[in-house]
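# Provided below for reference: sequence and predicted model.
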Amino acid sequence: MNAPSVAVVIPAYNAADTLPDVIARFPRALHDELLAIWVVDDGSTDQTVRVIRKLKTESPWPLKLIMQPHNGGYGNAMKRGLTAARAAGASIVACVHADGQYAPELLPALLDSLRKRRLDLLQGSRLASGRGALAGGMPFYKYLAGRALVALENRVLGLGLSDYHSGYMLYGQRALQHLPFTRLAGSFHFDLEVLASAKAYGLRVGEHAIPTHYGDEVSYLDPIRYGVEVLKVMARYHQGHYHPQPHGKPH
């Protein structure tokens, strides 16, 4: 049997109420290949750290806690988790959010899609199935805004994706080796900069349809500010900001 090589990173901010259910929903099919689940507490002010420590003693999964002393933002939490997983020898890293919006039950299917299609980066898409996102509770204004942003992003990046903003993302080995995570944003548009960098580095990027679930989770995202940041990322990509340095492009 091969050694476990799949890691999961969960950025968590004030997620004490939702995190136990997310961990409990990880499918047994991952047991033999899961290296560890890194939960990155991003300076939570609730009981998130206490909950993680309790889960470490009670959960059947190998949980590891990374603590950010202050709330540094989603992107900075992802950088910490990705760096730790890569240093531990992970060949694939999946990002799962702590609020339960993205189903951990889908990880085996997403892993299978990444491998069979020989992708370097796989984005879970809430919009690939058409208007199913609305049936899953996505607010109509978010649906329309998302469609508009995707049209712009496809025009600039040319990746042909239906969703650039879900955050349910799997990183293959080449993405882990080549993407310059430390240079990317520390906030919510980290994922979009990952996709822009993957395009600039010539990595293979694809998507897989995922269901949409909007429940009682709290969003810390300012949609207007986020939209402005998306425009800035597109401008920076057009200017070559995400392209590799000479001799840095993977072959």
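Noted; the coordinates are in hand.
# ends of stretch 197-204, what's the gap?
Chord length of stretch 197-204, first to last residue, is 11 Å (C-alpha to C-alpha, to the nearest Å).
# any idea how far Ala24 is from the closest residue to Ala16 other than its chain neighbours?
Distance criterion C-beta to C-beta, 6 or more residues apart in numbering; nearest residue to Ala16, sequence neighbours excluded, is Gln47 at 4.2 Å. For the C-beta atoms, the positions are set from N, CA and C on the backbone; glycine is no exception. In this view, Gln47 and Ala24 are 17 Å apart by C-beta to C-beta, to the nearest Å.
# returning to that earlier point: how close does the residue nearest to Ala16 sit to Leu119?
Gln47 is 37 Å from Leu119, where distance means C-beta to C-beta.
# settle it for me: which of Gln47 and Ala24 has more neighbours?
Gln47 (15 against 12; other C-beta atoms under 10 Å).
# so for that one, what's the pLDDT?
Per-residue confidence for Gln47 comes out at a pLDDT of 97.
# please report phi then psi for Val93.
phi -130, psi 130 (degrees, to the nearest 10).
# do the same with Tyr168
Given degrees, to the nearest 10, the pair of backbone angles that Tyr168 has is phi -90, psi 100.
# OK, contacts around it?
95-97, 102, 106, 110, 123-124, 210 (C-beta atoms under 8 Å, 6 or more residues apart in numbering).
# likewise for Leu82?
Contacts for Leu82 (C-beta under 8 Å, 6+ apart) come out as 9, 93, 171, 176, 181.
# kindly indicate the member of these with the most neighbours.
Tyr171 (29 neighbours).
# doesn't Gly81 make contact with it?
No: using C-beta atoms under 8 Å, Tyr171 is not in contact with Gly81; the gap is 10.7 Å.
# need the overlap of contacts for these two.
Here Tyr171 and Gly81 share the contacting residues 93, 95, scored by C-beta under 8 Å, 6+ apart.
# can you give me the helices in the stretch 1-150 of the chain?
Remark: helices assigned in the stretch 1-150 of the chain by DSSP state H, counting those that start in this stretch are 19-24, 48-58, 74-87, 107-116, 132-135, 140-157.
# most packed of those?
The highest mean neighbour count among the helices of the stretch 1-150 of the chain, using mean count of other C-beta atoms under 10 Å, belongs to helix 74-87: a mean of 21.
# lowest-confidence helix or strand of the chain?
helix 132-135 (a mean of 54; mean pLDDT, DSSP states H and E).
# I'd like to know how far the residue nearest to Ala16 sits from Ala15.
10 Å.
# now do Arg86
For Arg86, the distance to Ala15 - C-beta to C-beta - is 23 Å.
# shouldn't Pro69 be in contact with Asp41?
No: Pro69 is beyond contact range of Asp41, at 9.8 Å (criterion: C-beta under 8 Å).
# who has more neighbours out of those two?
Neighbours per residue, other C-beta under 10 Å: of Pro69 and Asp41, the larger number sits with Asp41, 25 against 8.
# from Gly172, how far out is Leu119?
6 Å.
# ok, and what's touching stretch 44-62?
So stretch 44-62 is contacted by 12-16, 19-20, 23-24, 26, 31, 34-37, 39, 41, 63-65, 67, 71 (C-beta under 8 Å, 6+ apart).
# give me the buried entries from these.
The neighbour-count test (16 or more other C-beta atoms under 10 Å) marks 12-16, 19-20, 23, 26, 34-37, 39, 41, 63-65, 71 as buried among these.
# out of the residues you listed, list just those in strands.
By the criterion of DSSP state E, membership of the buried ones among the contacts of stretch 44-62 in strands covers 12, 34-37, 39, 41, 63-65.
# now these in a markdown table, with distance to Lys199?
Conversion of those to a markdown table gives the following (distance: C-beta to C-beta, whole Å):
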| residue | distance to Lys199 |
| --- | --- |
| Ala12 | 29 |
| Leu34 | 29 |
| Leu35 | 28 |
| Ala36 | 29 |
| Ile37 | 29 |
| Val39 | 30 |
| Asp41 | 31 |
| Leu63 | 33 |
| Lys64 | 31 |
| Leu65 | 33 |
